[in-house]
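>>> here is a sequence together with a model predicted from it:
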Amino acid sequence: MGEFVGIDPLAADKLIRQMDRGKDVLGRARPGLEAAIAEAGEEWVGHEGVTAMHRTWWFFHESQQDLRWRVDTLKRMVPTQEKGMLTATMPFASQTEAAQAAVKDAAAITEALKHHDEYLTAQSWSEVEKAAAALKSRVDDPAYAASLLATLGPKTFQKLFRDWLNTQAKGDRRGMTPDTFKHAEGAVPGLLSRAFASAESSGRLGNEWPKAIQEIPSDILTALVALAPQSSAFLNQAATILLQRPPNSDAFPTDPNWNLYDLAKAFKANPEAFQKFLAEHPNEASVLLDAHTIRSSGVAEYEEMLAQALHGALKPGAGDDPTQDRAWLTVINRMGADNSFWIGGGLGTFANSPISRVLAQDIRPHLDDLARGQAARNAPGLPYVAPDSPWNKLDPVVSARFMGALMQDPAAADTLMQAAKAYTKELDPGRFNPFASDLYSREAHTNLAERTGALANLLLAGSTYAEWSDDEYAEKIAGYLLMPVDYFNNKYLPIDSAVVATGHGKVLDGVKDVMKDMITDYLDKKTPDDAETVANALVEQQMSFLVQSLKEHGLPPLSAPDRVTMKEAIKGRLLSALTQALKVRGG
């Protein structure tokens, strides 16, 4: 048995780097010293100087290897995010001892496996499990794990997985179910997965493994990443391999596809890896996000697990901001694609999708990026409105379809509307008076009003894809239209009295009901007016509400120029989107 060890990984890494610098100095000094000794000739007494220097270099090198091994082992044995001293009893006193023990254990497992191949009984398999039990306290040692995998080899490694699945999980032909997963954690698959993680994350896998990994069957590949916390690099490599394979490439394409669930579970446990995967592998990520794949996987739990994984990678503040931006673009481009099943198709709608609700919640910090993209399209000559990279590469049409995909879920649609209201409040276009005498204030107001209007424009455009009832549709459209008028009414007509505020709320509700009736009459063909006429009437209704509010509060009426300015601000550049939305909905 080994020894009790305490190491501060950060301090150890610093010492290793210092020894690297010492090795570099020795390496550069050695040729000059050798040349000087050769020039001095046989009579010089310092001939052992080169040998001493060489020994010093090797002392640094061997000390680094030993220290790295100890640090890697402790990190595997004591998984923690805390900084400072890590303590544990090392399984072995040295790397040599660890490697020798692994060879012995691998031989015992191989012998038991041969015996099982002869008899194929529960008793013979129990002997394999018994031989593998020796790994439990040892696989977190990278030197042990690397030696074990090298001795077993990829072929026997895979066979152990396959034989366990065949004997213990005969019904799991496309990945492990949650029940099987629990059973596998402490058995052969879990132990081998931990050994693989120890060896791979420390860079100790042999040259025979890269090719073998490309050929590992999908169920073993997903078991590897789900049963042990693999490195982010390997997790993303495994996901890429799995998702590049045709969806029905395995032998049992009609069975529930737990491989996708197990992969999503691994990504949930490592959100930074998933964020990077979404950002760097958009084609493969599209398979995970494909609505047809989600609904045809045969695993109802997959959608919820994927939603949780997406939340971990995309929630505000997660990971690296530039990487998260690119991850979001992958999600938006996939779900908002022209041929996306998220916005219609043979599978129907995603009216109850946890993915829609999670994304509607997490997109809030990026509403300004989406709004700027739409505003730049609406008013290409307006300065300082275009989004920064990489959001400037996003097509506003795709953004609208993405909104529509989310809005097919009523709860997600409500979340987006509340987020849009909060965005308007935070942006606060009213901090610059649209009636100010100075040009800067008017231009600044126009910029902010354009962005708030553009966001409402996106919601309106997205509504054309959402499959709501006529009553739901009228309710939400009226709400979108009243967002700017409600804001401006409160901004420029502050209400101090609670009684007046209550009356104002009732009036606002009354206006909303009038607008709902106008939309419903159009949808029910109770009016001969076309979509454009109804859209203009809705805008006029907003303006009438503002004029009435001014009068009721005893304030002077707007001048003709101010009325035009305010009308444009209230419209928020919504007219074209509103007209199109009504045309599509009304047929």
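That came in fine, so what should we check first? Numbering: from 1, shown residues only.
>>> list of residues touching stretch 413-424?
Contacts to stretch 413-424, defined as Cβ atoms under 8 Å, 6 or more residues apart in numbering, come from residues 357, 360-361, 363-364, 367-368, 371, 403, 406-407, 452, 455-456, 459, 466, 468, 476, 479-480, 483-484, 487. Where C-beta positions appear, they are placed from N, C-alpha and C, glycine not excepted.
>>> in that stretch, which residues are buried?
Within stretch 413-424, the residues scored as buried using 16 or more other Cβ atoms under 10 Å are 413, 415-417, 419-421, 423-424.
>>> equivalent analysis for stretch 296-316, please.
In stretch 296-316, counting by 16+ other Cβ under 10 Å, buried: 297, 299, 302-314.
>>> now for these: which two are most distant?
Val299 and Leu314 (22.0 Å; Cβ to Cβ).
>>> wait, doesn't Lys268 sit right on Gln308?
Yes: using Cβ atoms under 8 Å, Lys268 is in contact with Gln308, at 5.0 Å.
>>> quick one: the closest residue to His183 other than its chain neighbours from Ser124, how far?
Distances taken as Cβ to Cβ, 6 or more residues apart in numbering place Gln168 nearest to His183, at 6.5 Å, with adjacent residues excluded. Distance of Gln168 to Ser124, computed by Cβ to Cβ, to the nearest Å: 14 Å.
>>> how about Ile109?
Counting by Cβ to Cβ, the gap from Ile109 to Ser124 is 13 Å.
>>> the two: which is more packed in?
The residue with more neighbours, out of Ile109 and Ser124, is Ile109; 26 against 17, by other Cβ atoms under 10 Å.
>>> wait, doesn't that one sit right on Val128?
Yes: contact criterion Cβ under 8 Å: Ile109 and Val128 qualify, at 6.7 Å.
>>> and the nearest residue to Leu394 once chain neighbours are set aside, what does it touch?
Spatial nearest neighbour of Leu394, chain neighbours left out: Gly373 (5.6 Å); criterion: Cβ to Cβ, 6+ apart. If you count contacts by Cβ under 8 Å, 6+ apart, Gly373 has them with 386-387, 391-392, 394, 396, 399, 454.
>>> how does it look with 7 Å?
By Cβ atoms under 7 Å, 6 or more residues apart in numbering, the residues touching Gly373 are 387, 391, 394, 396, 399.
>>> just Ala313 next, same as before
Per Cβ under 7 Å, 6+ apart, neighbours of Ala313: 271, 274-275, 278, 319, 327.
>>> re the thing from before, tell me the one of the buried residues of stretch 296-316 nearest Lys526?
Glu303 (39.8 Å).
>>> which element is that closest one on?
With elements taken from DSSP states H and E, the one containing Glu303 is helix 300-314.
>>> what do you get for Ser286?
Counting by DSSP H and E, Ser286 is part of helix 282-289.
>>> tell me the helices and strands packed up against that helix.
helix 232-244, helix 321-335 (3 or more Cβ pairs under 7 Å, 6 or more residues apart in numbering; DSSP states H and E).
>>> cutoff 8 Å now
helix 232-244, helix 258-269, helix 271-280, helix 321-335 (3 or more Cβ pairs under 8 Å, 6 or more residues apart in numbering; DSSP states H and E).
>>> what's the second one in contact with?
I take that to be helix 258-269. 172, 174-177, 181, 218-219, 221-223, 225-226, 229-230, 235, 238-239, 242, 273-274, 277, 288, 293, 297, 299, 301-302, 305-306, 308-309, 312-313.
>>> could you check the pLDDT of Gly510?
Predicted confidence (pLDDT) for Gly510: 67.
>>> next: the one 10 residues further on.
What the model reports for Thr520 is a pLDDT of 79.
>>> residues touching Asn166, list them.
Asn166 neighbours (Cβ under 8 Å, 6+ apart): none.
>>> same check, this time on Ser249
The contact partners of Ser249, by Cβ under 8 Å, 6+ apart, come to Ser218.
>>> just to revisit the earlier point, can you flag the buried ones in the contacts of helix 258-269?
Going by neighbour count (16+ other Cβ under 10 Å), the contacts of helix 258-269 have 172, 174-177, 181, 218-219, 221-223, 225-226, 229-230, 235, 238-239, 242, 273-274, 277, 288, 293, 297, 299, 302, 305-306, 308-309, 312-313 buried.
>>> most neighbours of all the contacts of Gly373, which one?
Ser399 (24 neighbours).
>>> contacts only, for that residue.
So Ser399 contacts 332, 336, 370, 373-374, 458 (Cβ under 8 Å, 6+ apart).
>>> ok, Thr520 next?
Thr520 neighbours (Cβ under 8 Å, 6+ apart): 470-471, 474, 526.
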